[in-house]
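# can't give you the sequence, but here's the structure:
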């Protein structure tokens with residue numbers, strides 16, 4: 001039974017057996033930190049090996065059924081073998097894909113929550129409407145995943161949608177899945193604001209930042225300047241008379257160039273100035289964390305210049321409503337279910353990216 005994926009799996013079986021013995025060792029059990037780490041790795045390997053066992057069993061069954069067709073003359077046995085081959089060969093590609101996804105190397109940041117930022121780009125009012133549709137798409141996707149979405153700042157467009165919307169997404173393994181959505185999303189459609197039935201092309205940008213913990217980034221408190229202002233808009237007397245909105249200015253010094261630039265963050269989401277300050281600080285930590293992450297990624301790209309990299313900010317996906325087509329330009333994966341995609345069914349795009357760029361051959 002020859003399959004290139006099975007050879008790769010041998011090291012996983014060896015490690016799984018090794019850890020199974022280690023976590024029963026009294027000395028390891030006494031070392032709580034090591035025991036917890038090994039137990040986590042054991043559970044991850046258990047999932048991989050169980051899935052691999054099912055895949056190997058299916059491959060073996062196909063081989064045995066083909067052998068029956070070669071050497072068995074009994075008509076009934078041959079018919080059963082043909083049915084089993086047909087059934088299993090339909091299932092094998094999906095089983096192989098599931099196994100490959102489990103083998104994708106984990107990013108240390110994959111378990112983090114995220115800050116999701118969506119901004120209307122070129123296209124005026126329609127770009128803002130599209131940004132609103134994208135936010136709804138991600139909110140629906142997160143709802144299906146059981147994740148919590150909390151808007152921290154929003155600047156509405158004049159015709160609806162958002163010029164900019166920022167939200168935190170919390171849940172299990174959020175960044176590991178959402179990080180592939182960063183980039184420019186382009187749409188072609190007849191917008192709700194169009195009276196002549198003309199097709200418009202517009203775009204919105206999506207940024208997915210891993211949410212940083214306070215201890216993961218260094219913030220010079222002396223470089224922060226705070227301003228407060230009235231939030232404005234609907235909301236009653238508190239919004240109109242009390243300065244609950246906060247504006248944070250932070251001078252960031254680039255460790256490579258030595259240049260200093262100002263980071264500006266505004267938060268008006270709640271009626272509590274204290275809560276808005278905390279939200280602004282959380283976003284600042286995540287932005288600084290992401291800047292450091294991008295700097296390290298740039299250094300790594302110099303070393304691995306032969307590997308294909310997708311730059312944040314490049315166009316990653318187009319949504320063509322008239323042709324009923326949504327296409328990812330990194331993987332060429334596409335679907336005609338435009339309505340389903342806008343309702344949050346984007347799993348296919350994420351899986352396709354993992355399969356092509358996730359590091360599993």
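Yes, it's here. Worth saying up front: this structure is predicted, and the values here are computed from it rather than measured.
# who are the contact partners of residue 149?
Residues near residue 149 by C-beta atoms under 8 Å, 6 or more residues apart in numbering: 116, 138, 139, 142, 143, 167, 168, 169. Using the backbone N, CA and C atoms, a C-beta is placed for each residue, glycine as well.
# ok, of these, which come out buried?
Restricting the contacts of residue 149 to buried positions leaves 116, 138, 139, 142, 167, 168, 169, with burial counted as 16 or more other C-beta atoms under 10 Å.
# now intersect these with the strands, please.
116, 167, 168, 169 (DSSP state E).
# quick one: which of those residues is nearest to residue 261?
For these, the residue nearest residue 261 by C-beta to C-beta is residue 116; the value is 23.2 Å.
# give me the beta-bridge partners of the closest residue to the closest one other than its chain neighbours?
Nearest residue to residue 116 in three dimensions, chain neighbours excluded: residue 167, at 4.9 Å (C-beta to C-beta, 6 or more residues apart in numbering). With DSSP bridges applied, residue 167 shows beta-bridge pairing to residue 116, residue 151.
# these two touch, right, residue 167 and residue 142?
No - the criterion here is C-beta atoms under 8 Å, and residue 167 misses it with residue 142 at 9.1 Å.
# how about JSON lines for the ones in strands among the buried ones among the contacts of residue 149, with distance to residue 87 added?
What follows is these, written out as JSON lines (distance: C-beta to C-beta, whole Å):
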{"residue": "116", "distance to residue 87": "41"}
{"residue": "167", "distance to residue 87": "44"}
{"residue": "168", "distance to residue 87": "45"}
{"residue": "169", "distance to residue 87": "39"}
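# turn those residues into CSV, including pLDDT and distance to residue 2.
What follows is those, written out as CSV (pLDDT from 0 to 100; distance: C-beta to C-beta, whole Å):
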residue, pLDDT, distance to residue 2
116, 94, 44
167, 95, 48
168, 94, 48
169, 96, 43
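# could you work out the most separated pair of the residues you listed?
It's 116 and 168 that sit farthest apart of these, by C-beta to C-beta, at 7.5 Å.
# phi, psi of residue 188?
Dihedral angles of residue 188 (phi, psi; degrees, to the nearest 10) stand at phi -130, psi 120.
# give the contact list for it.
Residue 188 neighbours (C-beta under 8 Å, 6+ apart): 199, 200, 201, 318, 319, 320, 321, 322.
# filter those to the buried ones?
Looks like these have 200, 318, 319, 320, 321 buried, using 16+ other C-beta under 10 Å.
# which ones are touching the first one?
Looking back up the chat, that one is residue 200. Contacts of residue 200 by C-beta under 8 Å, 6+ apart are 123, 126, 188, 189, 190, 191, 194.
# if I look at it, how far off is residue 191?
5 Å (C-beta to C-beta, to the nearest Å).
# one more: the second one?
For residue 318, the distance to residue 191 under the criterion C-beta to C-beta works out to 16 Å.
# and the last one, by the same measure?
The span separating residue 321 from residue 191 equals 10 Å under the rule C-beta to C-beta.
# near the closest residue to residue 318 other than its chain neighbours, how many other residues are there?
Spatial nearest neighbour of residue 318, chain neighbours left out: residue 186 (4.7 Å); criterion: C-beta to C-beta, 6+ apart. Close neighbours of residue 186, defined as other C-beta atoms under 10 Å, add up to 21.
# go on, residue 115?
Using other C-beta under 10 Å, residue 115 has 24 other residues around it.
# wait, it sits on residue 286?
Yes - using C-beta under 8 Å, residue 115 is in contact with residue 286, at 4.6 Å.
# from residue 194, how far off is the residue nearest to residue 116?
Remark: distance between residue 167 and residue 194 (C-beta to C-beta) = 28 Å.
# kindly state the pLDDT recorded for the residue most central in space within the chain?
Residue closest to the mean C-alpha point of the chain, counted by C-alpha atoms, centre = their mean, is residue 178 at 1.4 Å. On pLDDT, residue 178 comes in at 91.
# show me which strand runs longest in this structure.
Assigned via DSSP E, the chain shows its longest strand as strand 200-210.
# low-confidence regions, the stretch 51-200 of the chain specifically.
106, 195 (pLDDT under 70).
# just to revisit the earlier point, dump the contacts of residue 188 into a markdown table; add distance to residue 329 as well.
As requested, these are exported to a markdown table (distance: C-beta to C-beta, whole Å):
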| residue | distance to residue 329 |
| --- | --- |
| 199 | 19 |
| 200 | 20 |
| 201 | 15 |
| 318 | 7 |
| 319 | 12 |
| 320 | 12 |
| 321 | 17 |
| 322 | 18 |
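# just those residues now: which is nearest residue 211?
Distances from residue 211 to these, taken as C-beta to C-beta, are shortest for residue 319 (27.3 Å).
# which residues touch that closest one?
185, 186, 187, 188, 189, 326, 338, 341, 342.
# repeat that for 10 Å
Counting by C-beta atoms under 10 Å, 6 or more residues apart in numbering, residue 319 touches 130, 133-134, 137, 185-189, 325-327, 338, 341-342.
# what is it paired to in the beta sheet?
Counting by DSSP bridges, residue 319 is bridged to residue 187, residue 326.
# for residue 201, see how far away it is.
Distance, residue 319 to residue 201, by C-beta to C-beta: 10 Å.
# what do these two both touch?
Both residue 319 and residue 201 are contacted by 186, 187, 188, 189, under the criterion C-beta under 10 Å, 6+ apart.
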